[in-house]
Every structure is written in C-alpha cells, then in structure tokens.
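Trainee: Sequence and predicted structure, then a few things I'm wondering about:
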Amino acid sequence: MSYEVELFRGADLVPAGRVPLEPVLRRFFESQLDQTLSGARIQLLFLPEREPSPSGSFETTGEFSIANLRPRYGHVQVRVKLDGEVLYQHPHPVSELLGRALRDTLAELAPDERRWGFGLHGPNFERGPLVRPAPQMEHGVQIEVGAHPRGRVFQLEELPPPDPPLRTLAELGADVPGDGPAPAAPVSVVLPQSLYESFVATHPFSSEVEEGGFLAGRVFRDISGPERHLIELTAIIPAQRTGASMLSFTFTGESFLRVGESLAARREGEQLVGWYHTHLFAPGGGLGLSSVDVRLHRTTFQRPWQVAALVNISGDRRVLRFYRRSDGGMAPAPYWTAP
C-alpha cells in the first residue's frame, strides 16, 4: 500500500481528495537540491511526537496556511539517497516539510484557495485520528475568574548595553573587493582565514551526528552606517552538556555556564556572538536553517547582532554560511575572511 496525502480545503476544511506522497516529495527535493532525483530513494521515518505547540502544526506563509490534521505524527526524519550517496538527511516538523512540498500542488489544484489541511494516509497512520483545529479568532478577550488587581511591589527592567565601538570592514582586515563599497547589510561577519579553514576543512566535525557550539568574538558598529553591526569572530567553542536527539540540537543552562567560564578564562574581551552547528548533507538552493534551528536562535540568542553559523557536510565537502535575525525569521548574513 502506498502513502497518500489527504487534502482538506477552505475555512471548514472540507475533503478535497488525495495525492500520492512520493511524487510530491520528489518534486520538492529536486527543486531544493538543484538536481534530478530519478532513481533516488526518499526514506521517511515518521515519529509519534507532536509538534511543539498547536500553532506549530501550521505552516504559514503570508496569507497561505496549511495544517497537519494528524498531529500525533508531528515529526519526520528524512533521508534522500542516490547511488549510495546521502544527498540530504535532516529532521523536520511534518507541517514544515509537507507544507512546503505541497505548495505547488495546491496552487495547481485551486489557485485562489488560501487555507488547507492535510492528513497522511497509509499503514499505521489510521491509528492517529484526524483532528480539526479550532478556528483562529481575530478578536478576543481573556477573562481570569477570581483575579484581583493589585499594585506592583517592584519592577525589573533590563538596562541597554553600551553602544559598541565604531569600525569599518577594512579596519577589521576584511578582504573587501576594491572596485566598490561593501554591501550594506544589517549584520556582517569577519573571521580570520585560519578560523574559516577550521570550519571548512580541519575541525573534526562528526560525519554521523549533527553537533554544534558557540561563537566567540567582538561586536562593532559599522562606521558607514552605525545602525549596522560588524562581528569579528575570534574562536569557535564546542558546546558542553548539550541535549541532542534526531529532532534537535539543544543547549542547556550548563552549556551557557561552561562557555561563560571559557570566555572569562580566555581574557580576550570577547562576547558570545552566536552559535554554530552542522547539517550532514550538501547545501541546496532553498534548504538552510530548519524551523527548529530558527526557533532555537530566536528564543536563545536574542541580541540583534548574534549570528548562526551553519556548516553543511557532504563527504569531504563542507560549505559555511551565516545567518542573522530578520523580521519574523532569519536571513543570510555576508561574511569576509581576514589574514
């Protein structure tokens, strides 16, 4: 028996037929990996672990939304193999993976429809009943019975840190092309060539499990635009006492205590400027940080200048990319090497 995706459309989520799962995923990964997948095997391990929250069972982009109506199976481990080579391997919330994969198919079925639901159909999935989410209300009032207002005893407020000093990319030693000004980005990264080589060649990253750690460095304001930040990376510090599973890489409170001790012991005036982790597949055109990665960064690294470094590992090839906070998500951050 093959796996199918049951579709439901409209605000009332009425049944709208079924589509085979395999062609939908093949079409999606061909576009993301920038290659044909004729003969490839797409392996899926669905896990009976719910997505992080009820709202997390939705994949929403603009006015388009698609909901996983079998939330009991909330995560899936994906592996794409071609001729014995692993092209892609990563966990996803089910709504994230199928929400993206179904976009083109749903646009062809009903171009004007903006709200969809889906449920996986096949062996074992019938054990997880379809659940229709409660409609989202535009306006509401929350009433707490028995709540008695009283004045505040005291209030804590975070004091803003002092403004970082001013620098230019050239002053940080960045290898900026001389035929014009460097692109004006909200956050730019400069790292020494030796640290770049560590990321892409010499650091002993695992080829079997994803791993990560912290980025140490210094923060400056760009003299050509003081609202922009320049990050000078000085070291990578592998994380200790982390939590890890097939679904996520997690820092613990002790992870931050240990890195704080490391920074103090280095006596270099460095700050925690972000974090790094690995993905064990080649980078594709549209596959960078996962929704799990984005959630970790936005809830844990909340300074506007803190960055996430991603190292894609595929065989002997490594690709390094940096990301910064953007409105509601993450965006690529440019980087330069320095001698």
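Mentor: Cool, the structure landed.
Trainee: So which bits of stretch 35-51 are buried?
Mentor: Buried residues in stretch 35-51, defined by neighbour count with 16 or more other Cβ atoms under 10 Å: 37, 40, 42, 44, 46-47, 49-51. Any C-beta I mention is one placed from the backbone N, CA and C, and that applies to glycine too.
Trainee: can you tell me the average pLDDT over that stretch?
Mentor: Regarding stretch 35-51, the rounded mean pLDDT is 86.
Trainee: and what of stretch 9-21?
Mentor: If you average the pLDDT over stretch 9-21, you get 89.
Trainee: what's near enough to touch Ala333?
Mentor: For Ala333, the contacting residues are 185-189, 307, 322-324, by Cβ atoms under 8 Å, 6 or more residues apart in numbering.
Trainee: now the strands for the stretch 151-300 of the chain?
Mentor: In the stretch 151-300 of the chain, the strands defined using DSSP state E, counting those that start in this stretch lie at 166-167, 187-192, 212-222, 225-238, 243-244, 249-250, 271-279.
Trainee: Out of those, which one sits most buried?
Mentor: A comparison of these by mean neighbour count, using mean count of other Cβ atoms under 10 Å, puts strand 187-192 on top with a mean of 24.
Trainee: what is the orientation angle of it with strand 271-279?
Mentor: Calculated by axes from the mean of the first three to the mean of the last three Cα atoms, to 10 degrees, strand 187-192 forms an angle of 80 degrees with strand 271-279.
Trainee: thought Pro186 was touching Tyr323?
Mentor: No - contact criterion Cβ atoms under 8 Å: Pro186 and Tyr323 do not qualify, at 11.6 Å.
Trainee: Between those two, which is the more surrounded one?
Mentor: For the pair Pro186 and Tyr323, the greater number of neighbours falls to Tyr323 (21 against 16), based on other Cβ atoms under 10 Å.
Trainee: where does that one fall, phi/psi-wise?
Mentor: Torsion angles at Tyr323 (phi, psi; degrees, to the nearest 10) stand at phi -140, psi 150.
Trainee: Please name the residues that touch it.
Mentor: Neighbouring residues of Tyr323 by Cβ under 8 Å, 6+ apart: 288-289, 297, 307-310, 330-333.
Trainee: Including distance to Gly274, could those go into JSON lines?
Mentor: Converted to JSON lines, these look like this (distance: Cβ to Cβ, whole Å):
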{"residue": "Gly288", "distance to Gly274": "15"}
{"residue": "Leu289", "distance to Gly274": "12"}
{"residue": "His297", "distance to Gly274": "8"}
{"residue": "Val307", "distance to Gly274": "4"}
{"residue": "Ala308", "distance to Gly274": "6"}
{"residue": "Ala309", "distance to Gly274": "7"}
{"residue": "Leu310", "distance to Gly274": "11"}
{"residue": "Met330", "distance to Gly274": "11"}
{"residue": "Ala331", "distance to Gly274": "14"}
{"residue": "Pro332", "distance to Gly274": "14"}
{"residue": "Ala333", "distance to Gly274": "10"}
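Trainee: buried subset of the residues you listed?
Mentor: By neighbour count, with 16+ other Cβ under 10 Å, these hold 288-289, 297, 307-310, 330, 333 as buried.
Trainee: which residues of the stretch 1-150 of the chain fall in helices?
Mentor: With DSSP state H, counting those that start in this stretch as the definition, the stretch 1-150 of the chain shows helices at residue ranges 21-33, 94-101, 103-109.
Trainee: Which other helices and strands does the last one contact?
Mentor: Right, helix 103-109. helix 21-33 (3 or more Cβ pairs under 8 Å, 6 or more residues apart in numbering; DSSP states H and E).
Trainee: Next, the buried residues of the helix it packs on.
Mentor: Applying a neighbour-count criterion of 16+ other Cβ under 10 Å, one finds 21, 24-26, 28-30, 32-33 buried in helix 21-33.
Trainee: So which residues make contact with that helix?
Mentor: For helix 21-33, the surrounding residues in contact (Cβ under 8 Å, 6+ apart) are 2-5, 36-37, 40, 42, 44, 80, 87-88, 98, 100-102, 104-105, 120, 122, 282, 284-287.
Trainee: For Gly10, which of the strands of the stretch 151-300 of the chain is the nearest?
Mentor: Across those, Gly10 has its closest neighbour in strand 271-279 (36.4 Å, Cβ to Cβ).
Trainee: Mind giving me the packing neighbours of that closest one?
Mentor: Helices and strands touching strand 271-279, as assessed by 3+ Cβ pairs under 8 Å, 6+ apart, comprise strand 212-222, strand 225-238, helix 253-266, helix 291-300, strand 307-314.
Trainee: Which one of those lies nearest to Leu172?
Mentor: For Leu172, the closest of these is strand 225-238, at 5.3 Å, according to Cβ to Cβ.
Trainee: Tell me the strands beside the closest one, with direction?
Mentor: In the sheet, strand 225-238 lines up against strand 187-192 (parallel), strand 212-222 (antiparallel) (DSSP bridges).
Trainee: want to throw these into a markdown table with mean pLDDT?
Mentor: Listed next are these as a markdown table, based on pLDDT from 0 to 100:
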| stretch | mean pLDDT |
| --- | --- |
| strand 187-192 | 96 |
| strand 212-222 | 95 |
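Trainee: Fine by me, thanks again.
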